[in-house]
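[1] The following block contains a protein sequence and its predicted model.
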Amino acid sequence: MLSQPKSVKFEINPGQEVFIETGKLARQADGAVTVRQGNCILLATVVANKDPKEGQDFFPLSVDYQEKFASAGRIPGSFFKREARLNDYEILTSRLIDRALRPLFPEDYLCDVQVLISLISSDVNVMPDSLACLAASAALAVSNIPIKEIISEVRISRMDGQFIINPSKEQLAKSNLEFLIAATDKNLMMVEGEAKECSEEELVQCLEIAHEAIRKQIKAQVELRKVVGITEVRDYKKPEQDEAIKEKVYAFAKAKVNAIAELGSAKHERSDAFSALKKEIIEHLGTEITDLQKKLAGKYYEDLKWEVVRDMMVDKRIRLDGRQLDQVRPLAMEVDPLPTPHGSSLFTRGETQSLTTVTLGTKLDELMQETAASAEYTKFFLHYNFPPFSTGEVKMMRGVGRREVGHGNLAMRSLKQMLPDTTVFPYTLRVVSDVLESNGSSSMATVCAGSLALMDAGVPVPKHVSGVAMGLISREDGKYAILTDILGDEDHLGDMDFKVTGTRDGICGVQMDIKVDGLSMDIMREALSQAKKGRLHILDAMYACMPAARADVKPHAPRMVKLIIDKEYIGAVIGPGGKIIQEMQRTTGATINIEEVGNHGEVSIFSANKDSLDAAVKWINGIVAVPEIGDEYEGVVKGVKEFGAFVEFMPGKQGLLHISEISWKRLETMDGIYNEGDVVKVKLVGLDPKTGKFKLSHKALLPRPEQAPREDRGPREGQA
């Protein structure tokens, strides 16, 4: 007989219930749950191998979040009509879950773990990624896989001054900040998000409010774990240890590691010195040690470096490259280093360098972002490239990895806060950061380089955005060190790695990974304050390089004009089957896009050539203009009849130039007067009340001969 499903529920907001259920679906997984809010249902499963692979020396956790198109009643638009590789949105969601879950596992647990979260039913009022980490954690909670704690994650936004936990998509669109925050019952684990220049204190307030909501979700998971009856976790094979080898490594190398660390050398010099010392250790241990002992010696050596460098920073307040704790590395930057891109910059901070370009595109260049529930277009996107030569390595180029997607997204969200409204600057914007060197936070270099390149491209951004990567090292004795502008070697040493971007007036983006238990909000405030100091230092240098955006786009960049027309003229501009708009583009060389917005039409015209742009604007203005009697025009003869000529005096508008209106002299015939294609100046003199056709005159623009009768006068006195 099948066991009955077990479930718990809680309120995430008043009137919004969330149900967590297990025991019904995917019962062969080590842990499986569904999380439901409204009609939104997520299925999360977790499976772990019983034993680690032979020789495994790292924790192989994989997390994949995917939205099934059937969940929203849609069929994928791809050629194969099935879900394929994860899109960027799914990759970013997977990364957020991974970063929150990874610290939960014991450090000596090296078995393969796979966490899969699928959206199987969609609800337009519920954002599923807000519940994805809850689902993943709940799947672990109902399994016997060893975890140290239970976590959850929420999204927090602020609309009209009020903080909202897990807002709807509509509420989020009206919010001025958004953060995704993961935590255990006691400690924050992960923060990522964006804001319209919020203060450091407002960020701390977000963290505190979100943490309270997370505790409710953790309580529900603990209750479900008890209902399921999970009281013990599975045993697992722990990595081999050799205390004798560890003691020898520490005794031989501790002073030498300390000496190298205190040299304040450059990255490659330091790396070469540490590598040489590792060889010395192996030689010191002798030829009789086994391959396993050699491997363990390497591990203990890394552990020793971790301890020595951390103690050096906390006790001596110096760093691997000799800087002070709050010191930013030397800065060098320039704009317009490349002649052809529409905007470009080169930003160098220490041994990290980004060459960034901006390309201005049209409506046709917009990026479609597709999820199960929607397909939307964006006019701004940023791509981040991290080639192996940037770290002096040789690696296979296998396309964009998750790291590149995540780093690019953080930079994109930060720069987005300062972009002008599309009604002011309707270009599609593509920013590309090519990282040429990397030794610490190339994503923050991308933010700085991107801001400079946008201003170089003439994008009317009001302020620069800069970013700085920070680190925190804390010890059980209460001592700690906050590091500004961390190196690559310092990145894995810290108990909190965090990146903060913003303007002089506030925070635009945040990414934090917090690994220390019991981090106080006072230390958090101090760390954010130090980050602000570093951010402002970089901003000063950026303003010295590029004080403000160029007043105009570059001469070779596409020019853009936007025309607002009456809704009734949209069809006239497009023409039957697109005939008119296609002819305009073919004739002028401009790119023209038209769309209906509310009760009017918006026509966007792009061209790198001013004459081309002007010709297209003139053509469209002619189509949508209303002819007025008395106005003068330069028309083209479209046809000649015995009684006169038909003249197109405005695009798509023709009138009759009667034979009697061509000259003050009486004409007997049209022979030899006009041919098709001739240009003639005419005046609109009337509208036929019966047919509605326009009446044109050429003679009205000619001086009246003396002998000509004054047709505008009435009969002379005494004449009938």
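    Ah, there it is.
[2] now the stretch 201-350 of the chain, which segments are flagged as low pLDDT?
    Within the stretch 201-350 of the chain, no stretch has pLDDT under 70.
[3] What segments of it are strands?
    331-335, 343-349 (DSSP state E, counting those that start in this stretch).
[4] Just the element for residue 8, please.
    strand 6-13 (DSSP states H and E).
[5] Could you tell me which residues within that strand count as buried?
    For strand 6-13, burial by neighbour count (16 or more other CB atoms under 10 Å) applies to 6-8, 12. In short, each C-beta sits where N, CA and C put it, glycine included.
[6] what does the average pLDDT come to for it?
    Per-residue pLDDT over strand 6-13 has a mean of 94.
[7] And stretch 115-132, by the same measure?
    96.
[8] From start to finish, how long is that stretch in a straight line?
    Stretch 115-132 has an end-to-end distance of 11 Å (CA to CA, to the nearest Å).
[9] Quick check: buried residues in it?
    Buried, per 16+ other CB under 10 Å, within stretch 115-132: 115-123, 126-132.
[10] Tell me the pLDDT of residue 411.
    For residue 411, the pLDDT comes out at 96.
[11] who's in contact with it?
    Shown in contact with residue 411 (CB atoms under 8 Å, 6 or more residues apart in numbering): 382, 384, 431, 433, 443, 446-447, 450, 467, 501, 509.
[12] For it, what are phi and psi?
    With angles defined as degrees, to the nearest 10, residue 411 sits at phi -70, psi -40.
[13] And for residue 531?
    For residue 531, the backbone dihedrals are phi -60, psi -40 (criterion: degrees, to the nearest 10).
[14] Surely it is in contact with residue 484?
    Yes. Residue 531 lies in contact with residue 484 (CB atoms under 8 Å); the separation is 7.1 Å.
[15] Please narrow the buried residues of stretch 115-132 to those residing in strands.
    Secondary structure from DSSP state E places 115-121 of those in strands.
[16] Serialize those residues to JSON lines and add fields for distance to residue 152.
    Formatted as JSON lines, those follow (distance: CB to CB, whole Å):
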{"residue": "115", "distance to residue 152": "14"}
{"residue": "116", "distance to residue 152": "18"}
{"residue": "117", "distance to residue 152": "13"}
{"residue": "118", "distance to residue 152": "18"}
{"residue": "119", "distance to residue 152": "18"}
{"residue": "120", "distance to residue 152": "20"}
{"residue": "121", "distance to residue 152": "21"}
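[17] if we can go back for a sec, which neighbours do residue 531 and residue 484 share?
    Common neighbours of residue 531 and residue 484, using CB under 8 Å, 6+ apart, are 468, 470.
[18] Roughly how far does the nearest residue to residue 53 once chain neighbours are set aside sit from residue 302?
    Nearest residue to residue 53, sequence neighbours excluded (CB to CB, 6 or more residues apart in numbering): residue 112, at 7.2 Å. Separation of residue 112 from residue 302 (CB to CB, to the nearest Å): 22 Å.
[19] Likewise for residue 536?
    Using CB to CB, residue 536 is found at 36 Å from residue 302.
[20] Please give me every residue in contact with the closest residue to residue 39 other than its chain neighbours.
    Distance criterion CB to CB, 6+ apart; nearest residue to residue 39, sequence neighbours excluded, is residue 123 at 3.9 Å. Residues in contact with residue 123 (CB under 8 Å, 6+ apart) are 37-40.
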